[in-house]
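Novice: Could you work out the structure for the sequence below:
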Amino acid sequence: MSFKKTLASFLVAALALGTLAACGGQDPAGSEAGSAPAASSDDKVITIGATPAPHKEILDALAPEFEKEGYTLKIQEFTDYVLPNKALNDGEIDANFFQHKPFLDDFNKENKTDLKDVVFVHYEPMAIFPGKVTTLDALKEGDKIAVPNDTSNEARALLLLQENGLITLKEGAGLTATVRDIQDNPKKLEIVEMEAAQIPRALPDVALAVINGNFAIASDIDFTGNLAVEDPNSIAAKAYANVVAVRTADADSDKTKVLVKVLSSDAAKKLISDKYQGTVIPVNTADVQAYFDEAK
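Specialist: Residues are numbered from 1 along each chain as shown. Here you go, the predicted structure:
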């Protein structure tokens, strides 16, 4: 996965979650883009940042595959969407695995960084989950619906609400839609924008919530209990495929080549399919790359 909600709001949310401690007390100020050195080809440890589920789970399960390639995988866990890219840019890790390409592109643009996606791994469908209301038809006028507050994921959430007849967006809003693009809202639903990781905790306080697949998994939410889910054959399944990112200077390094090989392998695809049963769906890197090439 542009930051219209501003980087500052993400940092505030990250601090509120206590993620600085989880991430080893990194300096949130970061360093100048491009200041980190390229990885050494003699180093046989790949340090990769990842959010807990499903990214770290996938990497943990694939550790033996990296060992077959002569590398030890060291996973640094993050619990937010900002610090993994800062840590990568600052040279604290070799790669990260937690985001989709639109999110990475926005981060690069807003922070003048030079991070590059090198392999598309999987897609996590976004879904509508019940809170105080157990069906879409039971929604009442003025009910609250929680959606992620980062622009790319908010657009996905709003499109999903539109697909299910709850709102209508302005023509052409598409993958950059925000609440300002809502043209018709028959039930005057209150769209509550929240930091994505916090939405599962808000379920008791809202009528419905639109939750990213990874946060549903991490919060032990039964994904099969969703009221509506993104179509796995939709544009979103390509646009929001999760990537491994590295510094551009390291795009052709030996470590990066191993990451691409293992995470695009048949073993990785089988593991994801078997473990997550549709909650996380493996993708074909070539197909997703073709989508982005056509979109240029």
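Novice: residues near residue 64, how many?
Specialist: For residue 64, the neighbour count with other Cβ atoms under 10 Å is 10. Where C-beta positions appear, they are placed from N, C-alpha and C, glycine not excepted.
Novice: let me fix that: residue 296
Specialist: By other Cβ under 10 Å, the burial measure for residue 296, its neighbour count, is 4.
Novice: repeat for residue 224
Specialist: Counted with other Cβ under 10 Å, the neighbours of residue 224 add up to 10.
Novice: can you pull out the strands in the stretch 151-296 of the chain?
Specialist: Ranges of strands within the stretch 151-296 of the chain are 168-169, 182-184, 190-194, 208-211, 228-229, 242-247, 281-282, based on DSSP state E, counting those that start in this stretch.
Novice: and the last one, what does it pack onto?
Specialist: The reference is to strand 281-282. On a contact count with 3 or more Cβ pairs under 8 Å, 6 or more residues apart in numbering; DSSP states H and E, strand 281-282 meets strand 115-123, helix 266-276.
Novice: from the chain's centre, how far out does the shortest one sit?
Specialist: Pointing back at strand 115-123 there. Relative to its chain's centre, strand 115-123 lies at 11 Å (Cα atoms, centre = their mean, to the nearest Å).
Novice: Show me which positions of that strand end up buried.
Specialist: 115-123 (16 or more other Cβ atoms under 10 Å).
Novice: what does the last one give?
Specialist: Using 16+ other Cβ under 10 Å as the test for burial, helix 266-276 gives 268-269, 271-272, 276.
Novice: coming back round to it: reformat the helices and strands packed on strand 281-282 as JSON lines; add mean pLDDT.
Specialist: Shown next, in JSON lines, are those (pLDDT from 0 to 100):
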{"stretch": "strand 115-123", "mean pLDDT": "97"}
{"stretch": "helix 266-276", "mean pLDDT": "96"}
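Novice: Among the ones you listed, single out whichever gets nearest to residue 208.
Specialist: Evaluated over those, closeness to residue 208 peaks at strand 115-123, with 22.1 Å, by Cβ to Cβ.
Novice: how about that closest one as CSV, C-alpha atoms only?
Specialist: Extracted in CSV, the C-alpha atoms of strand 115-123 (Å, rounded to 0.1, in the frame of the first residue of the first chain):
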residue,chain,number,x,y,z
LEU,A,115,12.8,3.7,-1.7
LYS,A,116,11.9,1.1,-4.3
ASP,A,117,9.5,-1.8,-4.6
VAL,A,118,11.2,-4.9,-5.8
VAL,A,119,8.6,-7.7,-5.6
PHE,A,120,4.8,-7.9,-5.2
VAL,A,121,4.0,-10.7,-2.8
HIS,A,122,0.3,-10.8,-1.7
TYR,A,123,-2.9,-8.9,-1.5
